[in-house]
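Asks: could you look at this predicted model? Sequence included:
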Amino acid sequence: MTTPDDPLHPALVADVTTVSPSLRRIRFEMPAGTGFTAAGQPDERVLIDFPGLDHRRSYTVRGWVPHRRLLDVDFAVHAGGAAAAWARSAAPGDAVRLSSATGWWRPPPGARELLLLADVSALPAAGRIVESLGPGTSVRVVAEIPDAGDRQEWDTHADIAVTWLTSPGLLPSTLVDLPGLDSVEYLWSCGETSTSRRIRAHLRRTLGWAPERYHVMGYWQADREGWLARYARVQDRIEAIAARELAAGRSADEVRDVIDDALSEADL
Ligand SMILES: Cc1cc2nc3c(=O)[nH]c(=O)nc-3n(C[C@H](O)[C@H](O)[C@H](O)COP(=O)(O)OP(=O)(O)OC[C@H]3O[C@@H](n4cnc5c(N)ncnc54)[C@H](O)[C@@H]3O)c2cc1C
């Protein structure tokens with residue numbers, strides 16, 4: 001049986017352009033008759049199967065032109081990553097396989113006050129979200145970028161205010177100190193996983209926000225290799241905790257709270 005996450009859709013690199021010092025845009029072309037379907041949410045991602053790499057990576061659909069079967073992805077060209085290295089040297093004709101798309105952006109109907117927190121890996125999704133907003137919406141974006149040249153401008157009908165952070169690690173403290181947080185109706189925050197955990201803990205535990213008011217997701221892990229080695233030592237215990245909480249009928253958010261605590265205790 002196939003699932004939407006199976007990389008069933010072949011795609012060829014059609015074009016490569018530089019967006020900014022840290023981001024490279026790769027335009028993929030799908031063959032005529034492709035069964036690829038977009039999810040429609042502006043933060044939709046595909047899983048990409050790169051030739052020769054052991055596992056698939058998630059990347060945001062920055063743009064999709066169905067009638068021409070063209071799909072744009074903005075790759076962060078960070079150090080140390082195999083997918084990032086692939087993107088750095090990609091050239092027209094290179095082949096990958098893509099899954100169908102899945103997205104998470106679900107503001108409450110009618111929400112007008114939005115806040116986006118993103119590092120450079122989530123900037124493609126943040127840009128697409130901003131571009132999808134209609135008039136009468138107000139969006140604040142706080143974006144952490146490795147290079148001042150990574151600032152972007154987006155076309156949008158919304159009122160927009162952007163804060164660019166060029167020093168790493170400031171997203172959680174910027175959120176804590178942000179004025180006017182009470183009026184935010186929906187917060188979307190994606191980026192490094194432990195940073196995302198701190199942001200979620202602030203919203204859920206310190207501020208007591210309902211889960212429908214935010215979407216916080218880890219997009220990548222700092223020192224992934226070290227993290228996996230440390231995780232392997234506690235994996236059985238954490239999986240047992242998750243199974244116990246699920247069996248006790250806890251909600252997904254409650255299970256995530258317990259797992260987050262266990263991960264923090266294990267210094268993960
Ligand atoms: C829903 C979703 C959407 C995403 N969309 C995008 C997108 O549009 N563009 C994008 O660039 N990324 C995006 N990502 C993040 C991307 O999947 C990861 O960065 C991925 O792990 C990169 O794979 P890699 O092979 O380059 O590095 P990996 O093999 O995963 O890791 C190797 C090393 O690189 C480091 N590393 C990995 N990612 C980064 C990073 N972003 N910055 C700095 N160091 C890093 C790790 O810490 C590790 O030490 C998304 C992730 C998710 C879950």
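Replies: Thanks, I have the structure now.

Asks: state the distance from Phe75 to the ligand.
Replies: Noted for Phe75: a distance of 5 Å to the ligand, by CB to the nearest ligand atom, to the nearest Å. (Each C-beta comes from the backbone N, C-alpha and C, glycine too.)

Asks: and that residue, that's in a strand?
Replies: Yes - per DSSP: H, G, I helix; E, B strand; the rest coil, Phe75 lies within a strand segment.

Asks: give the bridge partners for it, please.
Replies: Arg24 (DSSP bridges).

Asks: pretty sure it is touching Arg57, no?
Replies: No - if you go by CB atoms under 8 Å, Phe75 and Arg57 don't touch, sitting 9.5 Å apart.

Asks: shared neighbours, those two?
Replies: Ala83 (CB atoms under 8 Å, 6 or more residues apart in numbering).

Asks: of those two, who's got more company?
Replies: Phe75 (27 against 18; other CB atoms under 10 Å).

Asks: for that one, list the residues it contacts.
Replies: Contacts of Phe75 (CB under 8 Å, 6+ apart): 23-26, 59, 83-84, 87.

Asks: ok, and which of those residues reach the ligand?
Replies: 59, 83-84 (CB under 6 Å from any ligand atom).

Asks: in helices only, show me those residues.
Replies: Using DSSP state H, the subset of the ones next to the ligand among the contacts of Phe75 located in helices is 83-84.

Asks: would you list the ones next to the ligand among the contacts of Phe75 in TSV and tack on pLDDT and distance to Leu98?
Replies: Converted to TSV, the ones next to the ligand among the contacts of Phe75 look like this (pLDDT from 0 to 100; distance: CB to CB, whole Å):
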residue	pLDDT	distance to Leu98
Tyr59	98	9
Ala83	98	13
Ala84	98	17
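
Asks: got a winner among the ones next to the ligand among the contacts of Phe75 for most neighbours?
Replies: Tyr59 (24 neighbours).

Asks: tell me the contacts of the residue nearest to that one when sequence neighbours are not counted?
Replies: Distances taken as CB to CB, 6 or more residues apart in numbering place Val73 nearest to Tyr59, at 4.7 Å, with adjacent residues excluded. Counting by CB under 8 Å, 6+ apart, Val73 makes contact with 25-26, 28, 46, 48, 59-62, 124.
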